[in-house]
Structures are given as C-alpha cells and as structure tokens.
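Visitor: Quick one, fold the following:
(chains A, B and C)
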Amino acid sequence: MSCWETIQAYAFRSIGFGERLLPRSDFTICEHFTLIGSGMIWNVYFGVIALVSGFFLATLLAVGKMSARAIYRKPAQWFIFIFRGSPLFIQFFFAYFLFLNLKRTNDFFDPFTAAWLGALIVLFLNTAAYSGEIFYGALRSIPKGDVEAADAYGLSGWSRFRRVIWPTMLRLAWPAYTNEAIFLFHATALVFFSSFPAWQQRGDALYYANYFADKTFNPFVPYPILAFYFILCSLAIIGVFGLVNRRLNRHLPASTRQKMKLRMNLIR
Amino acid sequence: MKSILLSTVAVAMTATFAMADGHSVVRMGTEGAYAPYNFINDAGEIDGFEREVGDELCLRAELTCEWVKNDWDSIIPNLVSGNYDTIIAGMSITAERDEVIDFTQDYYPPTASAYVAASEDADLEGGVVAAQTATIQAGYIAESGATLVEFATPEETIAAVRNGEADAVFADRDFLVPMVEESGGDLLFVGEPVPLGGGVGMGLRESDAELRGKFDAAITSMKEDGTLNELLIKWFGDEVITY
Amino acid sequence: MFSYCADPDTLDTVRWFSCYLTTGVHMSFYASFIKVLALLAVTGPVALGVGFLGAMAARSSFLPVSLLGKSYIAIVRGVPDIAFFLFFVIALDQMFEYVRHRAICPDWTQPVRQGSEFLVCAQAKLPLGNAAEWVHETYGFLLAVITFAIVFGAFAANVLFGGMRAVPRAQLETAEAYGMSRRQTFWRVLVPQMWVYALPGLSNLWMVLIKATPLLFLLGIEDIVYWARELGGTKTSRFSAYPHGDWRMWYFLGLLVFYLMMTRVSEILLERLMQRLTHGQATTGGEQQRKEVAA
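Guide: A predicted model of the protein is given here:
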C-alpha cells in the first residue's frame, strides 16, 4: 500500500470510516503517522468541547466562590476542591463505574459509559474546576480602581459585570487559562487508558500509539510520533489563545501588555 | 526448623553451582486475572491450574522458580526485555506470537473459544462483542462482522456483558465455564464454539533454547504419567479434553 | 485474620466485612498505599534535589553547563509526560543493563539486540536473575522514582530558577558590598531567600506530584489502582471465600477520598510552612507578619 492509500484507508479510522481492519504486520512509518494522527481527532474533540462548555461553568464557579453568601460559595468551593484535589485518572475510573451502576437503574444512562459522553463529562467538570479557580484568582486581583470607575459611570449589577469585571477577569486570567487549555489537551490522552473501553478499535492517539508499541514491541517509534502531534497541537493552542490575548489587551499601552509564554504542563 | 533451613540453603547453593552460567532462579511471569488458569487467591498468592503445573514442572526440571505478576498488555515486551524468563499465563500458541517468542509444547490441549451472552438471541454476527485486548479472540472478532469492544482484563469483558455494554463476550471456553455456572442463569453460552490457536504453552525468549528444552521434557513426563490430566480435571472439571 | 473467619458463609454482615477486609489480598492493597506514600516521600526530596542542580546549572556562568541545564528543563517540560512514563522505564532499565554489560562482559560477542530481544550477559542483568523477588520489586520502584524525579525535577528546576531570579538584586548587591564571594552570596543570601518566592510554585508541583502517583500503574507497579481493580472485580465462590458483585465503584470512591485527604493535609502543612518562611522576609507577607507582631 502506498502512503497515500494508507492515508485514504486510515485517516478517519478512529471515527469509524475507511478500512475496518487495523494494519497487522509490516508496519510502516506512514501507517504510524496516519493512525496516530487519526486518533488525534478524538483528542481534539474531547479538548475543544470540554474547554468551551467548561468555560461557562468555570465563570459561574468563580463568581460563586467570590460570593459573600455561603449558599453560593460553599458548593463552588467544594466542587473546585473535589475536582482539583483528586487525580483525573481516578476520576475517570470512578465515573465509569458510577455510570455503569446508574445504567442498571435507568435506561437514560445508557450512553454514559461510552467514552464520547462519559469521559467528556468528566473532562468538562474537571476543566471547569481548574478554570474556575483560575478565574477566581483573577477576580480577586481586579484592580479596585476599575470597579470604582464602573461605579462612577453608574454601572451596576449585570452590566457592570459584563462590561467591566468579566473582560478584566478574562484579561488577567488568560495566560494561566492558556496553560489550562494545554493541560486539558494532554489530559485527553488518559481517556482510553483509564477505564473507558475502545469500540471497534476506535481510540485516541495514545490508543493507537500503544497498539503499535504492542505489535512492534518497539516503543521508540510510536510514542515520539505521539509527542510530535501533541507538541504541534499545543503550539496551535498557543497561537489561537495568543490572538485572543492580543484582542483582550488591545486597549493597553504596548509596554504593559502581558506576553504569552509556552508553558508545558504535567498530567494531573 | 533450623535443619530445614540449612538444607534449603544447601539445595539452593548446589543449584547455583550447577547452573552458574544459566538460570539459577527461573522467573515465571503470569497475569493473575484469568481463573482458573491463574488468579490471585484470598491470601494474595498466585493460584490456579498454571500455578500447580508450573510448580510441578520446576520440581521435575530441578529449577528454582519464582512467580511474577505482569499486566497482560505488556507481558511479551517484558519477557523479551528480560524482566522474567517464562510466560505461563494461558497464552495460546499462535504463529503471530511465535515470530517474537518461542513456545514449549502445549500443556493445555487446543481448545475452543466460545461466546457467552446474557440472552439466547444475542446477535453474534452484527452485535457488540467484548474481548480482551491483544488476545487471539480479539483478533478473531475484529475480522468477523461483529463490533469489537476491547477491555484490558478478562474480568472487565464479563462485566461488560452483565451490564449490557456488550451483547456477548468471546473468550476461552474454560475461562467462561465457571462464570456461567456462577451466574445463576444470568449468563449462558450462545452460538457454536470456535476452535482457535494451537493449545496453551509456556512462552520463552528465542535465545533460551536450553531452558525451553528442560520445560519441554518436564511437560512430556507430566503427560506420560498422567499428572497433567489429573490437574486438568481438578481445575477444569470432567468435561475437559485430556491428553 | 480473626478466629471466626474460617467459614465466611455463615457470618453476619459486620463480621463478614471484618474478615473480608483483612484477607491477604487486602493486606497487599493496604501495603500499596504505603508504596504510594513512600514514593511521594522519596521522590519529593529527590526531585527537589534534581531541580536544584538543574537550576544551578541553568544559572551557571559557564556556558556549556548553563546550556545543559536549560535544555534539560526545556526538553522534559516540552514533551507530554505520559509519553515519558510509557517508555522511559524500559529505556532506563535497558540503558543501565547495557552500561553494566559493557563494563562486566567485554568479551561478549553476540549483538545485544537480536530482533526484538534485548540480551545482555547474565552477570549484567539488573537485578541479577537469581535475586529475590523483593529486590526486583525494589528495583522497579527505584526506576519509577528516577522517572518521576527526572520529570518533576525539570519542573522544580524551572520554579527554583524563577525563585532565584526573584530575589531582589539589592540583596545580592548588599552581600557583595559586605565583601562576600560569589559562593558565599549564593549560599548565604540567595538560597535562604529564594524559597519564599519558589514556595507557591513548589507547592503547586507537590500537589501535581500527589495526583500523578496513580500513573505508577502505567509503570508496571502494583499500586493502589491495580489492587482496586483486582479486588473490586466480581468474585465467584469457586475461587474466593468471599464472593461479591462488581464493587469497583466503591474501591475507587475510597481512592478518591484518600487523594482528597492527601491534598487537604498537604494544603494545611504547606500553608504553615509558608508562614514560617515568610517570617522576616522583605515581602508583603513578611511585612504583614512584622506589623501584626508590633501591634
């Protein structure tokens, strides 16, 4: 099979299109690149959806944790503590078994044991907790003057939050939030490695890298390829978030703008 | 007590001298999650058919053996990189594996794999079938029409059928028999058994021909005097195929 | 464990559980918690040491050393660590054995790599083929510690490097004005002061380290995740005196609580440490403490 044919056969293998059987012998570098790259579709899917949906919950959590009323503050604090205080790996395991038990009681939970939904929920809650803490930190460091200025303009309540506090919070939180995005993205590699089963050999990049390492008994080819894809995607995240950062900071004089830095992170 | 200890040391020392260049201790790698072949008992020790066969083989081959647990996923890579010397983990002899490692003759006859499902009308052709990752059964399902769903341990494949994740599980028939018996009617055999693989043998590194010879001889002697058959019946019941 | 455990089928719930939770397998399960704690206790200081060396190297005025330090930090931080964990241990093991092989068996003629096999002479094996099982387990554990220390060392190095740079220049200049040598300035002024700047970063790293311990599972060590999976799985009465259904959810709930407790305790201890370190420092925190005492 030429490399082009391999790409045609396997580029979308991870979502069920193309050749049904995975390559079984005489593995080529091209097959490595194509299949592991195909697996990245899942990583991107998990990363993007969890991040976007998590963003809204994170804002709520941050505001909740800032609240003076215990009825809002306590749940937010506990939520953040539970998801930040335990390993994501264990959360995946626990959630999977929890969903299995729930499934027995109610048909509604049927799709929850599949990775596309179950793992997504865990990632969503997890990133919401981490981003919530970041946003909370940013809320606490909003300059007093900004809020006073908003008061002076007669802004209050929702419009003060939307026009002054929220944009400032985002601006302050953005570098840390970029890190969180990279963090989350790396964490998506754990999905099929914890408990969620791979259906029809459709898995993420690590699943295929592991498949190759298993078959060729040589970990030194697939894992570096995996690392290559991850670094590529991390750079893409930095690029996109950098653009947003520029927009968030566009009103500031050049010297006080925050610079974005590439900061790789550990799995949590 | 002391004299026992001393004689053990003496035996160990002679053994060391006798095989100064070879294996003074043979490390036996197993999974510990595949009853009745091998599993961990309540006391936390490796137990099962292969434990008894392995101990007997070591006795006959005059080897000092030690048992090591390893995940199924990485059981072959860890053998070839030398973390233990044999694999004795219900591993079927296949051509694919034989390219990488060597096998002794089989100590468990070629057997059938079977489907187990929660209901009689499970769809084996187009439904969802669970199998353990990197087994011959997983390979077979991947090529059949059914949807393969893979799990890291055999235990999880059964759990998948119980909770409806999969329509059926495809595994060694003898692994499934106690599961079906214990389930109290929840699980049952469906479809026809499929003969797969060339029996179960011990896996060794290709460079370890000498050790392989010893185990081969020991297996032959166990087959000849009927001890292997006794163990087979003890662990797998009267219906098992014997030598 | 208890005398009444001989026939578990006849016991009432409380006694059944008291027997069930004290079986040999459960003892291995509890021992694996100690393994995790030991890993943390050993890896924490080792990673900090590696990080300190890394930061010192990166700060060195001798260019090759500084480049070495900086590239170590950059490379390890640049690669997703899960990739590290997955193949680093085998690579490390093979590297050690290869070095020993070259040193101990110089007249070995066969190639070390034969197809997929990695073959060194018997004397070079690590640990030796006839070593006891606990030696093998300790060796595996040590490899895990080294892997963790190298990965976390790079992150610690980065934090410490930042901490060293955060110490106000005036402090160092004052030290020089007092006639201290470079070495004296480093050890007597810079190092004692950098901790307060590095501590928030290091605390964070410690929390990440705690949460990274389940990855031991990937390194082939029988850790709490392995045992929770094994013990929680359905047990049939043929192979166990304590048959039960699928209890994995409860075992993992236990692990979740264990980690939450670890985090909470660490948070409290680190907060206290921060209080101690801030004492007498030229930071807002230190200033606040001074005022509180004065008031």
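Visitor: Close to chain A: what parts of chain B are there?
Guide: B:73, B:76-77, B:80, B:96, B:100, B:128, B:130, B:134, B:139, B:142-143, B:147-151, B:156, B:159-160, B:163-165 (C-beta under 8 Å from any C-beta of the partner chain). Every residue, glycine included, has its C-beta placed from N, CA and C.
Visitor: what do you get if the cut-off is 6 Å, keeping everything else the same?
Guide: The interface of chain B toward chain A, taken as C-beta under 6 Å from any C-beta of the partner chain, is made up of B:77, B:134, B:147, B:148, B:149, B:150, B:151, B:163, B:165.
Visitor: can you give me the strands for chain B?
Guide: B:25-30, B:33-34, B:38-40, B:46-47, B:64-69, B:86-87, B:102-108, B:111-117, B:128-132, B:147-151, B:168-172, B:188-196, B:200-204 (DSSP state E).
Visitor: picking that back up, and the furthest pair within the residues of chain B next to chain A?
Guide: Comparing all pairs in the residues of chain B next to chain A by C-beta to C-beta, the longest separation belongs to B:77 and B:163, at 31.3 Å.
Visitor: quick one, longest helix in chain A?
Guide: Secondary structure of chain A per DSSP state H: the longest helix is helix A:29-66.
Visitor: Any part of it near chain C?
Guide: No - against chain C, helix A:29-66 shows no contacts by C-beta under 6 Å from any C-beta, the least distance being 10.6 Å.
Visitor: swap in stretch A:159-177?
Guide: No - counting by C-beta under 6 Å from any C-beta, chain C is not contacted by stretch A:159-177; separation bottoms out at 11.3 Å.
Visitor: Just the buried positions in that stretch, please.
Guide: A:160-161, A:164-166, A:168-177 (16 or more other C-beta atoms under 10 Å in any protein chain shown).
Visitor: Tell me which two of these sit farthest apart.
Guide: Distances among the buried residues of stretch A:159-177 were taken as C-beta to C-beta; the most separated pair is A:160 and A:175, at 24.5 Å.
Visitor: if we can go back for a sec, helices or strands up against the longest helix of chain A?
Guide: helix A:3-10, helix A:70-85, helix A:115-140, helix A:166-187, helix A:205-216, helix A:222-248 (3 or more C-beta pairs under 6 Å, 6 or more residues apart in numbering or on different chains; DSSP states H and E).
Visitor: Can you tell me which of these is most buried?
Guide: Highest mean neighbour count among the helices and strands packed on helix A:29-66 (mean count of other C-beta atoms under 10 Å in any protein chain shown): helix A:205-216, with a mean of 23.
Visitor: in a helix, that's where residue C:155 is, yeah?
Guide: Yes - according to DSSP: H, G, I helix; E, B strand; the rest coil, residue C:155 belongs to a helix.
Visitor: correct me, but it touches residue C:205?
Guide: Yes - under the criterion of C-beta atoms under 6 Å, residue C:155 makes contact with residue C:205 at 5.5 Å.
Visitor: The two - which one has more neighbours?
Guide: More crowded of residue C:155 and residue C:205, by other C-beta atoms under 10 Å in any protein chain shown: residue C:155, with 25 against 22.
Visitor: I'd like the distance from the more buried one to chain B, if you could.
Guide: Going from residue C:155 to chain B by C-beta to the nearest C-beta, to the nearest Å gives 27 Å.
Visitor: Which residues are in contact with that residue?
Guide: Applying C-beta atoms under 6 Å, 6 or more residues apart in numbering or on different chains to residue C:155 gives the contacts residue C:205.
Visitor: Give me the mean pLDDT for stretch C:275-289.
Guide: Computed over stretch C:275-289, the mean pLDDT rounds to 76.
Visitor: buried sites along that stretch?
Guide: C:277, C:278, C:281, C:283, C:289.
Visitor: Burial check on the nearest residue to the fourth one once chain neighbours are set aside, number of neighbours?
Guide: Counting by C-beta to C-beta, 6 or more residues apart in numbering or on different chains, residue C:196 is the residue found nearest to residue C:283 once chain neighbours are left out, at 6.3 Å. Taking other C-beta under 10 Å as the criterion, the count of residues near residue C:196 is 22.
Visitor: does residue C:196 really touch residue C:277, like I thought?
Guide: Yes - counting by C-beta under 6 Å, residue C:196 touches residue C:277, with 4.7 Å between them.
Visitor: hang on, the earlier thing: if we take the buried residues of stretch A:159-177, which one ends up nearest to residue C:294?
Guide: Nearest member of these to residue C:294, counting by C-beta to C-beta, is residue A:172, at 32.9 Å.
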